[in-house]
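coords below, sequence missing:
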């Protein structure tokens, strides 16, 4: 059937709609209008071109007008901006930017794929040519050319979302001193605070300054320097700025044409991707679509949904009954070597919707602990109180995060419950997983909550506990307890618990915790079967509590830059004439990999190795668990060592310590 379909905008939504239309209708006249030079490019890869990870600019270009014409017989008109939609006459007005003249074009159906534009707040001084946004290839060219040409030493990133953190990483990798300013109390907006705290520590360990609860109020340029005024009151100077405070849908064209917008400001569409005008469709970042999990609509600017929406719009234009069932916001981002995956709802969304939910946090190894290279991932699961239906998940870790977030995203799409997660049969071999996959572990823990086999409390409830009316019991080892614990906690290691039950028999509620949650759960089961009733276990353990509480320090500085303690340690070393070194004048370096061990076992193993070191010897420790500067400093002091630094490499977390003295451990 011959019909004329016009598409406003390319990239993910528009280009996929055009290609699908041609596959379904060989004889349709299809025209794409793109106001820029590029109709289909890898916008998710732009930060990595700036960082020289992607070295060939051409690799960012997915399709060219010539290729679209040759393969799909699609008329692609670049530098052609649609400035008006005349719905009554089914015409559009197009400005040919290369000629400076406009013309009219008729349509049978129209697809709007105008996308979203970076939000640039109205701040004094923001128009400086050293202040950038990142949306398309020309933006990327400007940033990369500036960095290549002027060799800036400092960069300020405003906004700690996906793009902001990716740009921060890539500029840091190019040798710039990077500061990230974020208005919120945590990075990556869709994350909950407790999971974001893991990212805070990691970003700081990489040498990036992270200023949370801060905003830029003005910029002032003085030569090659930009001064940024922050609120709360402070000033920092930088050589360049990248604004990454989010995007907003480009809807003016649709709005001017009388097309209905949604409550969130996007173009409102039905399940067929039709707007309020049945002959006009909208796809991609400009479209406001249904929320897959809850009633209502959402704006989620992601390439995956945009591609699917373009395909569905094309199906319906060609008479096929194809529906878009909604977006659940599955996404993933790499921050240096750390990986953050999300799907479904977070706590804020569930509370806004008035949904009754449970939550749990588990820590698992990416694969079998005895196989080299295992890394810890933390999984937060949100699920309905009434039936255990999975509502959302957040995962922070390194290797294997992508696999697990995709499994849980599929479970959400299938309407599965936490009981189903227990039963999932997932691929296992030592290099890839464990016999109980991290998703299974998350399911077991959540199911235990649903069944009443465990009752949990959370890190943000600890401060509200009345210490005079409850026992807070640290069931970790004495060594772990000595390195730091919750204020007011008593130490009863889980292996001693049965012999010390009388210490808890006075009717007080009991709040248990260990490092990650497992030993606390075992202790809880012991106490409940011994007749104790009011017993709770800290979800995610002391690891989550410690991360989250340190992230709330007034200056929001956690850990310091990678090996930031070197200079202080070096000064101390130079002043210590009694330090023993090898004959060649250099300290001996020993390495130990404790990736396969749990937290308590890890600390004991390292302590045993320290006994055999001579004063001045160095020990490089590789672990699968996140290392915190504050905890490591305290521990090093207790065993007669100094912390030279913490680093986070691709395959594991590392710390380097130096033995100072014998302590008799």
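Received it, and whenever you're ready, just let me know what you need. What you see is a predicted model; the values in this text were computed from it and never measured.

all helices of the stretch 301-450 of the chain, in order?
For the stretch 301-450 of the chain, applying DSSP state H, counting those that start in this stretch gives helices covering 303-317, 347-353, 401-413, 418-423, 438-451.

Tabulate those helices (JSON lines), appending mean neighbour count and distance to residue 78.
(C-beta placed from N, C-alpha, C; glycine too.) JSON lines is the format used below for the helices of the stretch 301-450 of the chain (neighbours: other C-beta atoms under 10 Å; distance: least, C-beta to C-beta, whole Å):
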{"stretch": "helix 303-317", "mean neighbour count": "23", "distance to residue 78": "18"}
{"stretch": "helix 347-353", "mean neighbour count": "15", "distance to residue 78": "39"}
{"stretch": "helix 401-413", "mean neighbour count": "20", "distance to residue 78": "34"}
{"stretch": "helix 418-423", "mean neighbour count": "19", "distance to residue 78": "47"}
{"stretch": "helix 438-451", "mean neighbour count": "22", "distance to residue 78": "45"}
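
middle-most residue in the chain, spatially?
residue 340 (3.7 Å; C-alpha atoms, centre = their mean).

how about it, what does it touch?
188, 191, 195, 199, 332-333, 394-396, 401 (C-beta atoms under 8 Å, 6 or more residues apart in numbering).

The same query, at a cut-off of 7 Å, please.
Residue 340 makes contact with 188, 191, 199, 332-333, 396, according to C-beta atoms under 7 Å, 6 or more residues apart in numbering.

likewise residue 508?
For residue 508, the contacting residues are 469-471, by C-beta under 7 Å, 6+ apart.

Do you know the pLDDT at it?
Each residue has a pLDDT score; the one for residue 508 is 94.

burial of the closest residue to residue 39 other than its chain neighbours, as a residue count?
Closest residue to residue 39 apart from its sequence neighbours, by C-beta to C-beta, 6 or more residues apart in numbering: residue 10 at 3.4 Å. Per other C-beta atoms under 10 Å, the neighbour tally for residue 10 reads 29.

Hmm, residue 10 is touching residue 33, no?
No: judged on C-beta atoms under 7 Å, residue 10 makes no contact with residue 33 at a distance of 8.7 Å.

do you know how far residue 601 is from residue 594?
8 Å (C-beta to C-beta, to the nearest Å).

what do you get for residue 269?
Taking C-beta to C-beta, one finds residue 269 at 53 Å from residue 594.

For those two, indicate the residue with more neighbours.
residue 269 (28 against 20).

State the pLDDT value of that one.
Looking at residue 269, its pLDDT is 96.

wait, what's in contact with it?
Residue 269 makes contact with 275, 282, 287-289, according to C-beta under 7 Å, 6+ apart.

Who wins on neighbours among the residues you listed?
Counting by other C-beta under 10 Å, residue 287 has the largest number of neighbours within those, with 33 neighbours.

residue contacts, it?
Residues near residue 287 by C-beta under 7 Å, 6+ apart: 266-267, 269, 273, 309.

Could you report the neighbour count for residue 227?
14.

secondary structure class for it?
strand (DSSP: H, G, I helix; E, B strand; the rest coil).

if I look at it, how far off is residue 420?
Residue 227 sits 55 Å away from residue 420, going by C-beta to C-beta.

Same check on residue 654?
For residue 654, the distance to residue 420 - C-beta to C-beta - is 38 Å.

if we can go back for a sec, and the contacts of residue 287, which is closest to residue 505?
In terms of C-beta to C-beta, no member of those lies closer to residue 505 than residue 266, at 59.5 Å.

what's the pLDDT at that closest one?
Note for residue 266: predicted pLDDT of 96.

Hmm, it is touching residue 250, no?
No: look at residue 266 against residue 250 with C-beta under 7 Å: they stay out of range, at 9.7 Å.

Among the two, which residue is more densely surrounded?
residue 266 (26 against 20).

Ramachandran angles for the more buried one?
Taking degrees, to the nearest 10, you get phi -90, psi 170 for the backbone angles of residue 266.

so who does the nearest residue to residue 420 once chain neighbours are set aside touch?
Nearest residue to residue 420, sequence neighbours excluded (C-beta to C-beta, 6+ apart): residue 411, at 6.3 Å. By C-beta under 7 Å, 6+ apart, the residues touching residue 411 are 390, 420-421.

Quick check: nearest residue in space to residue 397, chain neighbours excluded?
residue 377 is the one closest to residue 397 (C-beta to C-beta, 6+ apart), at 2.7 Å.

typo on my end, it should be residue 436
Residue 436 sits nearest to residue 444 (C-beta to C-beta, 6+ apart), 7.5 Å away.

now the one you found: how far from residue 423?
Residue 444 is 10 Å from residue 423, by C-beta to C-beta.

swap in residue 549?
Relative to residue 423, and taking C-beta to C-beta, residue 549 is found at 36 Å.

With residue 403 instead?
For residue 403, the distance to residue 423 - C-beta to C-beta - is 18 Å.

still on that earlier bit, among the contacts of residue 508, the buried ones, what's the ChimeraX command?
To isolate the buried ones among the contacts of residue 508 in ChimeraX, judged by 16 or more other C-beta atoms under 10 Å, type:
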select :471
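
Lowest pLDDT pick from the contacts of residue 508?
residue 469 (93).

Where does the prediction get shaky in this structure?
Scanning the chain for pLDDT under 70 picks out 1, 552-586, 624-631, 647-652, 663-665.

Do me a favour and get the backbone dihedrals for residue 479.
phi -60, psi -50.

what's around the nearest residue to it once chain neighbours are set aside, how many residues?
Closest residue to residue 479 apart from its sequence neighbours, by C-beta to C-beta, 6+ apart: residue 603 at 5.5 Å. By the measure other C-beta under 10 Å, the count of residues near residue 603 is 21.

So residue 603: helix, strand or coil?
helix.

Against residue 284, how distant is it?
Distance from residue 603 to residue 284, counting by C-beta to C-beta: 51 Å.

go on, residue 15?
Taken as C-beta to C-beta, the span from residue 15 to residue 284 is 10 Å.

what's the answer for residue 115, then?
For residue 115, the distance to residue 284 equals 6 Å [C-beta to C-beta].

swap in residue 321?
Taken as C-beta to C-beta, the span from residue 321 to residue 284 is 21 Å.

Of these two, give the one with the bigger neighbour count.
residue 284 (35 against 7).

and the more buried one, what does it touch?
Neighbour list for residue 284: 12-13, 113, 115, 306, 309 [criterion: C-beta under 7 Å, 6+ apart].

residues touching the residue nearest to residue 401 when sequence neighbours are not counted, list them.
Spatial nearest neighbour of residue 401, excluding adjacent residues (C-beta to C-beta, 6+ apart): residue 339 at 4.0 Å. Residue 339 is in contact with 332, 397-398, 401-402, counting by C-beta under 7 Å, 6+ apart.

about what we covered before: distance to residue 119 for the contacts of residue 287 - can I get that in CSV?
Converted to CSV, these look like this (distance: C-beta to C-beta, whole Å):
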residue, distance to residue 119
266, 14
267, 18
269, 22
273, 25
309, 22
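
Out of the residues you listed, which is nearest to residue 242?
Set against residue 242, the nearest of the contacts of residue 287 by C-beta to C-beta is residue 266 (25.0 Å).

Chain neighbours aside, what residue packs nearest to that closest one?
Using C-beta to C-beta, 6+ apart and skipping the chain neighbours, the partner closest in space to residue 266 is residue 288 (3.0 Å).
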